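S.K.: okay, sequence plus prediction incoming.
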Amino acid sequence: MTQLPAAQTAQTKTSDGGKTLYGGKGTRRITVRDIAAAKERGEKWPMLTAYDAMTASVFDEAGIPVMLVGDSAGNCHLGYETTVPVTLDEMTMLSAAVVRGTSRALIVGDLPFGSYQEGPVQALRSATRLVKEAGVQAVKLEGGERSHEQIRLLVESGIPVMAHIGLTPQSVNAMGYRVQGRGEEAAQQLLRDAKAVQDAGAFAVVLELVPAELAAEVTRVLHIPTVGIGAGAETDAQVLVWTDMLGLTGGRMPKFVKQYANLREVMGNAVKAFAEEVVGGTFPQEEHSVH
Ligand code: KIV
């Protein structure tokens, strides 16, 4: 008999008959109600970014319950330096591909910079495109207190929202890439932001690059799940950018990234082997030829 990995075995032994987010057997798409139920059970869950259908299908088959079509696509897929230049057209195209490549994961489409900051009506117009044209089940936007009106209108309109506070990369030109929430005043602001997005109706909130103790406190205080990235071990969920965690991104990684594979090396070596065989005349061989 095939043995399930230890984590999977543990997670399926829940009181609700094994309907867990990761390792659960269901084939229908995960919903925001499933996410809320996981918080009540105290169940932790993984989230990954995805930007294309094929990669997303691998993550779906591996059981990743929530995928974020993040605007990190800017640096990790589209070749921009930051997330700032990413457009709504680009996010719509990438999100649609990820939806097509998956059948179980809840797909969250990121609203890019400039597509919701004008106010709730602009946010609703942009989110509606991601829901109708790309088929995502939820959207994400950055900002706590400053974005609560946008979140409220989207939720009232039937669009589930994942919020994002702490380091918000779309504000890189104003805040840089620094740890957020350090010191009493900043910690109080982060707590206010977390409560504001929950009160506005967000179904989950990403906490990016905040001290582990503060993220743990936010997780205790909120009834919606927290999704940490560089926020310690106590959040309800963890998200990583897939190209970082599988070692495709080049250059130095932030401290919070754990690399589970080195795809850059694997792909580089395979490509070199192909090139050398072409140059040396050993590819293709008879078995690769048609007559
Ligand atoms: O765009 C993104 O990938 C994100 C995650 C890092 C949370 O916002």
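M.R.: That came in fine, so what should we check first?

S.K.: show me what from the stretch 51-200 of the chain comes close to the ligand.
M.R.: Residues of the stretch 51-200 of the chain lying close to the ligand (CB under 6 Å from any ligand atom) are 68, 70-72, 110, 164. Yep, even glycine has a C-beta here, placed from its N, CA and C like the rest.

S.K.: quick one: which of these is nearest to the ligand?
M.R.: Nearest to the ligand, judged by CB to the nearest ligand atom, of those is residue 70 at 2.3 Å.

S.K.: okay, and residue 199 sits in which element?
M.R.: Here residue 199, judged by DSSP states H and E, is contained in helix 184-200.

S.K.: who are the packing partners of that helix?
M.R.: helix 148-156, strand 161-166, strand 204-208, helix 212-221 (3 or more CB pairs under 8 Å, 6 or more residues apart in numbering; DSSP states H and E).

S.K.: could you check the angle the shortest one makes with helix 148-156?
M.R.: Angle between the axes of strand 204-208 and helix 148-156 is 140 degrees (criterion: axes from the mean of the first three to the mean of the last three CA atoms, to 10 degrees).

S.K.: may I have stretch 58-76 as PDB, with CA atoms only?
M.R.: Extracted C-alpha coordinates of stretch 58-76, given in PDB (Å, rounded to 0.1, in the frame of the first residue of the first chain):
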ATOM      1  CA  VAL A  58       1.500  20.500 -10.800                       C
ATOM      2  CA  PHE A  59       0.700  22.400  -7.500                       C
ATOM      3  CA  ASP A  60      -3.000  21.400  -7.800                       C
ATOM      4  CA  GLU A  61      -2.100  17.700  -8.200                       C
ATOM      5  CA  ALA A  62       0.200  18.000  -5.200                       C
ATOM      6  CA  GLY A  63      -2.800  19.200  -3.200                       C
ATOM      7  CA  ILE A  64      -2.000  22.900  -2.600                       C
ATOM      8  CA  PRO A  65      -5.400  24.300  -1.600                       C
ATOM      9  CA  VAL A  66      -4.900  28.000  -2.300                       C
ATOM     10  CA  MET A  67      -2.900  29.600  -5.100                       C
ATOM     11  CA  LEU A  68      -2.200  33.200  -5.500                       C
ATOM     12  CA  VAL A  69      -1.700  34.700  -8.900                       C
ATOM     13  CA  GLY A  70       0.500  37.300  -7.300                       C
ATOM     14  CA  ASP A  71       1.700  40.500  -8.900                       C
ATOM     15  CA  SER A  72       5.100  39.000  -7.900                       C
ATOM     16  CA  ALA A  73       4.700  37.800 -11.500                       C
ATOM     17  CA  GLY A  74       6.200  41.200 -12.200                       C
ATOM     18  CA  ASN A  75       9.700  40.200 -10.900                       C
ATOM     19  CA  CYS A  76       9.300  36.400 -11.100                       C
END
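
S.K.: buried ones in it?
M.R.: By 16 or more other CB atoms under 10 Å, the buried positions in stretch 58-76 come out as 59-60, 63-76.

S.K.: which one of these is nearest the ligand?
M.R.: Nearest to the ligand among those is residue 70, at 2.3 Å by CB to the nearest ligand atom.

S.K.: all helices for the stretch 1-150 of the chain, in order.
M.R.: Remark: helices assigned in the stretch 1-150 of the chain by DSSP state H, counting those that start in this stretch are 6-12, 32-41, 53-61, 73-76, 88-100, 120-129, 148-156.

S.K.: right, I'll leave it there.
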